[in-house]
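In: when you get a sec, could you give me coordinates for this:
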Amino acid sequence: MAQFNHAFLVTCEHASNHVPAEYASLFAGQRSTLHSHRAYDIGARELAATLAELLDAPIFLGETTRLLVDLNRSERNNTLFSRFTKSITIEKKVYVLNKYYFAYRNNVKRFVSACLKKNDSLVHISLHTFTPVLGGVERNADVGILYDPARIREKRFALAYREALRMALPGLRVRRNYPYRGVSDSLVTALRKEYPPTFYKGIEVEINQRMASQQAARQAMEVMSDVLKGPM
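Out: Have a look, this model is predicted:
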């Protein structure tokens, strides 16, 4: 029987609320905002690191707040720059894009391209967390699995992961393509356009911030690792 080489990749685009010193003046008096879900995905960095360790996979972490520039949005997305940075000059925006945005995304792309040369497939997990309440509306999920329904291997993983979570953590609320659509603008959707579905499988996993620091969240990472290491 033929042997297939599978690779894993873990990324966390909103891992940090750090503001580089040269842009500190743009965020003067915004301490509460910078410590909120608007600035970064609370708890996502630790969960991504846990998953990468379980998979023995490389990890790429966004090291600046998404309020400077959002690493998980395309260049044409009107939320790429936040209300704090929309008004900076074109020259400064180009500098921010080159130093932080393209540096991060190109590093990820180089890794994926290198995997294409030596692996039969790559599973990319982009780890995020979401605020329990948005706009006064409570999100009714603990774990969201985001994927492209048209890509069969992604759908197969989403179904397997949902079922495995229900078996291991029966009280957990698990939903597919929630709280966002799996085909919405993101790093994963950008990579899908560049690599064939037979090779690239991109999944965004969203963990409710209410449980991000709890043992159940780590267990969810352990379950995911087991599913990924099994037959796909």
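In: quote the end-to-end distance of stretch 164-176.
Out: Terminal residues of stretch 164-176 are spaced 13 Å apart (Cα to Cα, to the nearest Å).
In: what is the neighbour count of Thr64?
Out: 23 (other Cβ atoms under 10 Å). Yep, even glycine has a C-beta here, placed from its N, CA and C like the rest.
In: do you know how far the residue nearest the centre of the chain is from Gly136?
Out: Centroid-nearest residue in the chain: Ser126, 2.9 Å away (criterion: Cα atoms, centre = their mean). Distance, Ser126 to Gly136, using Cβ to Cβ, to the nearest Å: 27 Å.
In: residue boundaries of the strands in the chain?
Out: 6-12, 59-61, 121-130, 133-134, 137-138, 143-146, 174-176, 200-208 (DSSP state E).
In: show me where the chain has helices.
Out: Applying DSSP state H to the chain gives helices spanning 31-34, 44-55, 90-96, 102-118, 152-168, 187-192, 215-229.
In: what does the shortest one contact?
Out: Meaning helix 31-34. Here helix 31-34 makes contact (Cβ atoms under 8 Å, 6 or more residues apart in numbering) with 17, 19, 27, 39, 65, 67.
In: what do you get for the fifth one?
Out: Counting by Cβ under 8 Å, 6+ apart, helix 152-168 makes contact with 121, 123, 143, 145, 147-149, 172, 174, 176, 182, 197-198, 201-203, 219-220, 223-224, 226-228, 230, 232, all of which sit outside it.
In: of these, keep whichever come out buried.
Out: Restricting the contacts of helix 152-168 to buried positions leaves 121, 123, 143, 145, 147-148, 172, 174, 176, 182, 201-203, 220, 223-224, 227-228, with burial counted as 16 or more other Cβ atoms under 10 Å.
In: quickly note the distance from the residue nearest to Glu204 when sequence neighbours are not counted to Ala57.
Out: Nearest residue to Glu204, sequence neighbours excluded (Cβ to Cβ, 6 or more residues apart in numbering): Leu146, at 3.8 Å. For Leu146, the distance to Ala57 equals 19 Å [Cβ to Cβ].
In: any weak-confidence spans in the protein?
Out: Applying pLDDT under 70 to the chain flags residues 1-4, 231-232.
In: let's see 90
Out: For the chain, the stretches with pLDDT under 90 are 1-6, 119, 229-232.
In: please save the CA atoms from stretch 126-140 in PDB.
Out: Only the C-alpha atoms of stretch 126-140 are listed here, as PDB (Å, rounded to 0.1, in the frame of the first residue of the first chain):
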ATOM      1  CA  SER A 126      -5.800  28.600  11.900                       C
ATOM      2  CA  LEU A 127      -6.700  29.000  15.600                       C
ATOM      3  CA  HIS A 128      -9.000  31.800  16.800                       C
ATOM      4  CA  THR A 129     -11.200  32.700  19.700                       C
ATOM      5  CA  PHE A 130     -14.500  34.600  19.700                       C
ATOM      6  CA  THR A 131     -16.200  36.900  22.200                       C
ATOM      7  CA  PRO A 132     -19.200  35.200  23.900                       C
ATOM      8  CA  VAL A 133     -21.400  38.200  23.300                       C
ATOM      9  CA  LEU A 134     -21.300  40.500  20.200                       C
ATOM     10  CA  GLY A 135     -23.600  43.400  19.700                       C
ATOM     11  CA  GLY A 136     -25.700  42.300  22.700                       C
ATOM     12  CA  VAL A 137     -26.300  38.900  21.200                       C
ATOM     13  CA  GLU A 138     -25.000  35.700  22.800                       C
ATOM     14  CA  ARG A 139     -23.100  33.300  20.600                       C
ATOM     15  CA  ASN A 140     -24.600  29.900  21.100                       C
END
